[in-house]
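>>> structure here, sequence nowhere to be found:
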Ligand SMILES: NC(=O)C1=CN([C@@H]2O[C@H](COP(=O)(O)OP(=O)(O)OC[C@H]3O[C@@H](n4cnc5c(N)ncnc54)[C@H](O)[C@@H]3O)[C@@H](O)[C@H]2O)C=CC1
Ligand SMILES: O=C(O)CCC(=O)C(=O)O
């Protein structure tokens, strides 16, 4: 039996299924792995028994991924699984910011008792005249799973679409409409934009990336949409830009104490991924990642360890070593296996940044003294006997 602790409501109806061989537990101390969403794990006391964490979603700024890597904990996310949901709400926010829809509906509600409301609505409507998205210039920052979809949707709405992403993946470059014009600098992207939408992770080079300098380059009365993370915008700069009309609207998914006091905002409850489809997609992806890791040691979509797969564990034994990406690790591991006279059927070593992963199948089970010797190798973070 394997034990799973869920943190957060993974889906609205609470349904998550791991299937046979798995049980949910209340206490993290009793779990092998964690399935979670947005809870901040910085400062969380993670028990040593936890081998893996799967984040149902894209952003992992709520998880100390490098600290966990050094403890031999593999962190997964679910890339792309909620991207369509975010794309749709971002387009909705752009339309809401352009057409006086919310204000017009408020007017109707406030005048519900007026017997002449139908006639008076005709008079009131001029206050809610907006403009169309077609023909407007939009800048998309980050052309990954969400940004590439937003950019393509904006193209199909007839917008002039500009994108900025110095690290764009080949996959997303292929997915991008040829009508999206790529721009080399953030400043060139912002210049003259009527709409600016943010789709980058929160990390050292994106925190505060939208500030006065960038906002001043936008067209006067531009709309800023932030469904990425609250940290990416300088909130004081956004507040000032809203007060002096440089921004006409700010649509954000993050109800921070500062944004809730700003004028001309549409603020949601971190609901960008709030669809049943997105929740199910994220949960399915995260669960299959955890199961493949716990049962076979395979890693897919990890944010702190390399991808690595040897298929189903079919040999007598499978061992996985999580370790630092430093010289002579394979030499040290194979020397210990040779001392045990172990016959290795297959071995894979992969690395990503500071961390590396070595997995091997052997004909027979290894002695416990051999496992202990592997654990004693300096810079080995964890040794797992998968089978
Ligand atoms: N509001 C919500 O519910 C949701 C929010 N998000 C947020 O949106 C972010 C993006 O999501 P995805 O598109 O799924 O992630 P992704 O990883 O597919 O795409 C992120 C893109 O940002 C680019 N990027 C990284 N640093 C950059 C920089 N300095 N300048 C420009 N581009 C840069 C990357 O190259 C990548 O193409 C997530 O990290 C998360 O914080 C994602 C999903 C739901
Ligand atoms: O609804 C959630 O769990 C948050 C989604 C999100 O912010 C993400 O995927 O990065």
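Perfect, thanks for sending it. Since we're looking at a predicted model, the values are computed, not measured. Ligands and ions are numbered 1, 2, ... in the order given.
>>> phi, psi of the closest residue to residue 53 other than its chain neighbours?
In this structure, residue 53 finds its nearest non-sequential neighbour in residue 34, 4.5 Å apart by CB to CB, 6 or more residues apart in numbering. C-betas here are computed from N, CA, C, even on glycine. When read as degrees, to the nearest 10, the backbone of residue 34 gives phi -120, psi 140.
>>> ok, residue 376 next?
Per-residue torsions, residue 376: phi -80, psi -10 (degrees, to the nearest 10).
>>> roughly how far apart are it and residue 369?
Noted for residue 376: a distance of 10 Å to residue 369, by CB to CB, to the nearest Å.
>>> hang on, residue 250 in a strand?
Yes - Residue 250: assigned to a strand according to DSSP: H, G, I helix; E, B strand; the rest coil.
>>> quick one: residue 180 and residue 150 touch, right?
No - look at residue 180 against residue 150 with CB atoms under 8 Å: they stay out of range, at 10.0 Å.
>>> hang on, the earlier thing: how about the contacts made by the residue nearest to residue 53?
When contacts are counted by CB atoms under 8 Å, 6 or more residues apart in numbering, residue 34 touches 4, 5, 6, 7, 28, 50, 52, 53, 54.
>>> will you turn these into TSV that also has secondary structure, neighbour count and pLDDT?
What follows is the contacts of residue 34, written out as TSV (DSSP: H, G, I helix; E, B strand; the rest coil; neighbours: other CB atoms under 10 Å; pLDDT from 0 to 100):
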residue	secondary structure	neighbour count	pLDDT
4	strand	22	98
5	strand	20	97
6	strand	19	96
7	coil	17	95
28	helix	16	97
50	coil	19	98
52	strand	24	98
53	strand	27	98
54	strand	28	98
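>>> nearest to ligand 1, of these?
residue 54 (15.1 Å; CB to the nearest ligand atom).
>>> once you drop chain neighbours, what's closest to that closest one?
In space, and not counting its chain neighbours, residue 54 is closest to residue 286: 3.7 Å by CB to CB, 6+ apart.
>>> so which strand or helix has that neighbour?
Using DSSP states H and E, residue 286 sits in helix 276-296.
>>> what does residue 348 give?
Going by DSSP H and E, residue 348 is in strand 344-352.
>>> which residues touch that strand?
Strand 344-352 is contacted from outside by 302, 304-310, 315, 325, 329-330, 334, 337, 356-363, using CB under 8 Å, 6+ apart.
>>> now these: which count as buried?
Among the contacts of strand 344-352, those scoring as buried are 302, 304-306, 308, 310, 315, 325, 329, 337, 356-362 (criterion: 16 or more other CB atoms under 10 Å).
>>> now do residue 14, the pLDDT please.
Per-residue confidence (pLDDT) for residue 14: 80.
>>> what distance do you get for it to residue 78?
Using CB to CB, residue 14 is found at 18 Å from residue 78.
>>> please apply the same query to residue 196.
In terms of CB to CB, residue 196 sits 27 Å off from residue 78.
>>> burial count for the residue of the stretch 251-387 of the chain found nearest ligand 2?
Nearest residue of the stretch 251-387 of the chain to ligand 2 (CB to the nearest ligand atom) works out as residue 273 at 3.9 Å. Residue 273 has 27 neighbouring residues, counting by other CB atoms under 10 Å.
>>> and what of the one 3 residues further on?
The local packing of residue 276 (other CB under 10 Å) involves 11 other residues.
>>> ok, it touching residue 12?
Yes - counting by CB under 8 Å, residue 276 does reach residue 12; the two are 6.6 Å apart.
>>> picking up where we left off before, and the spatially closest residue to the residue of the stretch 251-387 of the chain closest to ligand 2 that is not a sequence neighbour, how far from residue 38?
By the measure of CB to CB, 6+ apart, the closest residue to residue 273 outside its immediate chain neighbours is residue 82, 3.7 Å from it. When distance is defined by CB to CB, residue 82 is 12 Å away from residue 38.
>>> between these two, which has more neighbouring residues?
In terms of neighbours (other CB under 10 Å), residue 82 is the more surrounded of residue 82 and residue 38; the figures are 25 against 14.
>>> near ligand 2, which residues of this protein? Just list them.
Neighbours of ligand 2 within the chain, by CB under 6 Å from any ligand atom: 37, 38, 57, 58, 59, 82, 270, 273.
>>> quickly find the element holding residue 357.
Residue 357 is located in strand 355-362, with elements delineated by DSSP H and E.
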